[in-house]
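Peer 1: sharing a sequence plus its predicted fold:
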Amino acid sequence: MMDHTAPIVMLVVVLAVVALAFAARWRRAAGAESAGWQGPGGSARGTLVAAAALPVAAFVALTFGLLAPPAAVADDLPSCLRRVADQAPRDVLLAVRPGDEELLARLVYAEARSAGFADDPRVARGIAWGAMNRVRLGEVSASARRRYGSGVAGVIFQPQQFNPAVSRRSPFAADFLCPQDAAAWRLAVAAAGMALRGHGNPLLDTAWERRHGLSLVVNFYYPHSPQARGPLAPWEGSAGLRFIGEPESADLPPAARVRFYRLDRPPADLDPAARRPSPPASGGK
């Protein structure tokens, strides 16, 4: 958190100086009024108002000058949260109840650092979209909700999924709780906001996905992560998931950085009306 002690002390000093200047001008203006002096274009009362306006304007300008820069820096990164003893990251975050965008951005930030490419906006976007694909699939399928969680917080804190958010031993839990890199954080916030709005999903690729407005790409793997067990995911070639190959979208990172996996088929209990785009308007009357 930002230490505001120095700006506050400076503000008190400025306030005292401005008060003294105001008092001095007031006395001079009052003396002029009692002597019957008339300034150009106005009375002594107008002179009194003008004399008071200058220090007040200076005080306002200095106040904004002192307080605005620390506020801008403080807003650049989220609150740095600390764990007590062996407290789980999930418990720390849920205690402060962050909004969906901050929570998703924290996950994207920590996962991108885990991937080894926190400065790549494509990696941030891929992680954000992958997580939101789980959220949206869970909205229309009970089995998907059981598997991936419900809502943004439910997906992020689903056990045995995103280690920075759920593991007490993850080396990247500190990044989830206390982002330090302002540039990487801005990338994470931008990616989270885009995925939450749901426009232009680059993982919406097959005919079924485009028809339903839902992506089945719900798993991803980081070959360069220090936690990686090898260049391929442990589930590579398993039933139910298939590697999507080298992404064609320029919004996604190459497979050497993030490998994405698509479900072989939609959940069997998918709502028949699930996110089906509205049919085009008819040309008839």
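Peer 2: Perfect, thanks for sending it.
Peer 1: and the strand or helix carrying residue 124, average pLDDT?
Peer 2: Using DSSP states H and E, the element containing residue 124 is helix 121-138. Per-residue pLDDT over helix 121-138 has a mean of 97.
Peer 1: which elements pack onto it?
Peer 2: Counting contacts by 3 or more CB pairs under 8 Å, 6 or more residues apart in numbering; DSSP states H and E, helix 121-138 packs against helix 100-115, helix 142-148, helix 151-156, helix 182-197, strand 217-221. Just so you know, the C-beta spots here come from the backbone N, C-alpha and C atoms, and that holds for glycine as well.
Peer 1: between these, which one is nearest to residue 164?
Peer 2: With CB to CB as the measure, helix 100-115 is the member of the helices and strands packed on helix 121-138 nearest residue 164 (3.7 Å).
Peer 1: list the helices and strands that closest one packs on?
Peer 2: Packed next to helix 100-115, using 3+ CB pairs under 8 Å, 6+ apart, are helix 121-138, helix 151-156, helix 163-166, helix 173-177, helix 182-197.
Peer 1: so which of those helices is the most surrounded?
Peer 2: Counting by mean count of other CB atoms under 10 Å, helix 121-138 has the highest mean neighbour count of these, with a mean of 25.
Peer 1: dump that helix to PDB, keeping only the CA atoms.
Peer 2: Only the C-alpha atoms of helix 121-138 are listed here, as PDB (Å, rounded to 0.1, in the frame of the first residue of the first chain):
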ATOM      1  CA  PRO A 121      -0.300 -10.000 -24.200                       C
ATOM      2  CA  ARG A 122      -1.300 -13.000 -26.300                       C
ATOM      3  CA  VAL A 123      -0.500 -15.300 -23.300                       C
ATOM      4  CA  ALA A 124      -2.600 -13.100 -21.000                       C
ATOM      5  CA  ARG A 125      -5.500 -13.200 -23.500                       C
ATOM      6  CA  GLY A 126      -5.300 -16.900 -24.000                       C
ATOM      7  CA  ILE A 127      -5.400 -17.600 -20.200                       C
ATOM      8  CA  ALA A 128      -8.300 -15.100 -19.700                       C
ATOM      9  CA  TRP A 129     -10.400 -16.600 -22.500                       C
ATOM     10  CA  GLY A 130      -9.600 -20.200 -21.400                       C
ATOM     11  CA  ALA A 131     -10.800 -19.400 -17.900                       C
ATOM     12  CA  MET A 132     -14.000 -17.700 -19.100                       C
ATOM     13  CA  ASN A 133     -14.700 -20.600 -21.500                       C
ATOM     14  CA  ARG A 134     -15.100 -22.700 -18.400                       C
ATOM     15  CA  VAL A 135     -17.300 -20.100 -16.700                       C
ATOM     16  CA  ARG A 136     -19.700 -19.800 -19.700                       C
ATOM     17  CA  LEU A 137     -19.800 -23.600 -20.300                       C
ATOM     18  CA  GLY A 138     -20.800 -24.000 -16.600                       C
END
